[in-house]
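Undergrad: Provided below are the primary sequence and the corresponding predicted coordinates.
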Amino acid sequence: MKQYLLRSLKYFLTLCVLLVALIWLKITYEQLPLTMAQMVKIYFSAWNGWAMVVTIILLSATYPIFGFVTRRVDADIVADKEQIVAAFATTGLELKTASEGTLTFRATGLQRLTLLFEDQVTVCQQADGVVISGHRRTVIRATIRLEGYLVNKRRGNE
């Protein structure tokens, strides 16, 4: 629950910064003779300003629900470790920790910032394959690449 609230707060602050940036761009590029405070007052005197705030609150409250996923892949963490690491490397993630039955990957550089430092992806061994958990976009990209690498490996072994 604590992680959910932290993620919601991060997205709320990010969306608020984007809203302020949009108001600033409107002032700057439309050559309006208004200050930022005057523009914000005008913006929130109409219903659409408050609708934007409600939208930001709803998006930030629900994003952690649909922004993070868990996927299962038919693989073995020991036998297919090379393919797993390669799939995540092409996605922009590098292996940070490896313990028995679990691999943890993290993004590097600017990608960490774009993911708001919610870039940790874990790969855990289960009886029927591996389970990949983390940020939706990252997990789906890595899963697609991993499945392709595993198909190529199995074709090469035949």
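TA: In hand now; what should we look at? All figures in this text were calculated on a predicted structure; none of them were measured in a lab. Residues are numbered from 1 along each chain as shown.
Undergrad: I'd say L32 and K26 touch.
TA: Yes - here L32 reaches K26: they are 7.1 Å apart, a contact under C-beta atoms under 8 Å. C-beta coordinates here come from the backbone N, C-alpha and C atoms, glycine included.
Undergrad: who touches both of the two?
TA: M39 (C-beta atoms under 8 Å, 6 or more residues apart in numbering).
Undergrad: for the residue nearest the centre of the chain, phi and psi?
TA: What sits nearest the mean C-alpha location of the chain, by C-alpha atoms, centre = their mean, is H135, with 4.1 Å. Torsion angles at H135 (phi, psi; degrees, to the nearest 10) stand at phi -60, psi 130.
Undergrad: from Q38, how far out is it?
TA: Computed as C-beta to C-beta, to the nearest Å, the H135 to Q38 distance reads 39 Å.
Undergrad: can you give me the buried ones in the helix or strand of the chain with the lowest mean pLDDT?
TA: Across the helices and strands of the chain, mean pLDDT, DSSP states H and E gives its lowest value to helix 110-114, namely a mean of 75. Buried residues in helix 110-114, counted by 16 or more other C-beta atoms under 10 Å: R112.
Undergrad: and the contacts of it?
TA: Residues from elsewhere that reach helix 110-114, judged by C-beta under 8 Å, 6+ apart: 92, 106, 119.
Undergrad: now the element after it, going C-ward?
TA: Downstream of helix 110-114, the first helix or strand assigned by DSSP states H and E is strand 121-126.
Undergrad: what pairs with that following strand, parallel or antiparallel?
TA: strand 102-107 (antiparallel), strand 129-135 (antiparallel) (DSSP bridges).
Undergrad: pull the CA atoms of that strand into PDB?
TA: The C-alpha trace of strand 121-126 is given here as PDB (Å, rounded to 0.1, in the frame of the first residue of the first chain):
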ATOM      1  CA  VAL A 121      11.900  -5.300 -13.000                       C
ATOM      2  CA  THR A 122      12.200  -8.700 -11.300                       C
ATOM      3  CA  VAL A 123      12.400 -12.100 -12.900                       C
ATOM      4  CA  CYS A 124      11.400 -15.000 -10.500                       C
ATOM      5  CA  GLN A 125      11.500 -18.700 -11.200                       C
ATOM      6  CA  GLN A 126       8.300 -20.600 -10.600                       C
END
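Undergrad: average model confidence for it?
TA: Average pLDDT, strand 121-126: 86.
Undergrad: and stretch 147-157, by the same measure?
TA: Here the average pLDDT along stretch 147-157 is 81.
Undergrad: that's all I had, so thanks and see you.
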